[in-house]
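Engineer: what's the 3D shape of this:
(2 chains)
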Amino acid sequence: QVQLQQWGAGLLKPSETLSLTCAVYGGSFNDYYWTWIRQSPEKGLEWIGEITHSGSSTYNPSLRSRVTLSVDTSKNQFSLIMTSVTDADTAVFFCARGRRSDYHYFIDAWGNGTTVIVSS
Amino acid sequence: DIQMTQSPSSLAAFVGDRVTITCRSSQSIANYVNWYQQKPGQAPKVLVYAASTLQNGVPSRFRGGGSGTDFTLTISSLQPEDFATYFCEQTYRTPWTFGQGTKVEMK
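Structural biologist: Numbering: from 1, shown residues only, chains lettered A, B, ... in the order given. Have a look, this model is predicted:
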């Protein structure tokens, strides 16, 4: 049974950099798409991007200029960096595991979520 | 981006009721739709993928259907543990996008 444990700073000031990390326990690290999704009342669920164990990444174009995903296969961890945050980035951030089944992709495991508040 | 529009945004129902939630995409996406259930304070949980395939362990009272631009999630007999918010998601083209959610409340 896979478990995703995430952590990172939850209170930021505008213009600061958000950094979150997610550790994967159980299951293969190689066969999935390691994903970040955020949720806010204003925007709902928003897919930020995903990365594979080899470092191949896909980003949401709306966030691409500020987001970097990385992976550390030695620790079975993946990370999100988001620069120049504003109050519009206030949200619950989830790490998640995406999988493909017969060409269909879906999220089958989630972290508990980190509440990120951006406030001066 | 492909827009996903859910309806209704909320509904109230009795235990035992049949409930149907609809999701419409802004362009044809074949059957590349997933459905998730989210309870307060928890992460979403996948119920259905590829429009109609039930994820392992999900009760058979949940059924997904549709193709092209119109999709449905039906709960055949609502149970107390089904009161939650439901989201559709398209995975036809990145960025993957979600509907705004349908909150199912107890009447």
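
Engineer: When you work out contacts or count neighbours from here on, use the C-alpha atoms and nothing else.
Structural biologist: Noted.

Engineer: what's near enough to touch the residue sitting nearest the centre point of chain B?
Structural biologist: With distances taken as CA atoms, centre = their mean, B:Trp35 lies nearest the centre of chain B, 3.9 Å away. The contact partners of B:Trp35, by CA atoms under 8 Å, 6 or more residues apart in numbering or on different chains, come to B:Val46, B:Leu47, B:Val48, B:Tyr49, B:Ala51, B:Gly64, B:Leu73, B:Tyr86, B:Phe87, B:Cys88, B:Glu89.

Engineer: give me the element it is part of.
Structural biologist: strand B:33-38 (DSSP states H and E).

Engineer: show me the contacts for the residue of chain B found nearest chain A.
Structural biologist: Minimum separation of chain B from chain A (CA to the nearest CA) falls at B:Pro95, amounting to 5.2 Å. Residues in contact with B:Pro95 (CA under 8 Å, 6+ apart) are A:Trp47, A:Gly49, A:Tyr59, A:Asn60, A:Pro61, B:Asp1, B:Ile2.

Engineer: what's the spacing between the fourth one and chain B?
Structural biologist: A:Asn60 sits 5 Å away from chain B, taking CA to the nearest CA, to the nearest Å as the criterion.

Engineer: how far away is A:Gly55 from A:Gly26?
Structural biologist: 20 Å (CA to CA, to the nearest Å).

Engineer: likewise A:Thr86?
Structural biologist: In terms of CA to CA, A:Thr86 sits 35 Å off from A:Gly26.

Engineer: how deep is the closest residue to the residue nearest to the centre of chain B other than its chain neighbours tucked in, by neighbour count?
Structural biologist: Nearest residue to B:Trp35, sequence neighbours excluded (CA to CA, 6 or more residues apart in numbering or on different chains): B:Cys88, at 4.5 Å. Residues contacting B:Cys88 under the criterion other CA atoms under 10 Å in any protein chain shown number 30.

Engineer: And the pLDDT at residue 23?
Structural biologist: Going with chain A. What the model reports as pLDDT for A:Ala23 is 98.

Engineer: look at chain B instead
Structural biologist: In this model, B:Cys23 carries a pLDDT of 98.

Engineer: same thing with A:Ser101?
Structural biologist: 87.

Engineer: ok so, going back, so which of the contacts of B:Trp35 sit within strands?
Structural biologist: With DSSP state E as the criterion, strands contain B:Val46, B:Leu47, B:Val48, B:Tyr49, B:Gly64, B:Leu73, B:Tyr86, B:Phe87, B:Cys88, B:Glu89 from among those.

Engineer: Contacts only, for the second one.
Structural biologist: For B:Leu47, the residues meeting the contact criterion (CA under 8 Å, 6+ apart) are B:Asn34, B:Trp35, B:Tyr36, B:Gln37, B:Leu54, B:Gln55, B:Val58, B:Phe62.

Engineer: List buried residues within those.
Structural biologist: By neighbour count, with 16 or more other CA atoms under 10 Å in any protein chain shown, the contacts of B:Leu47 hold B:Asn34, B:Trp35, B:Tyr36, B:Gln37, B:Leu54, B:Gln55, B:Phe62 as buried.
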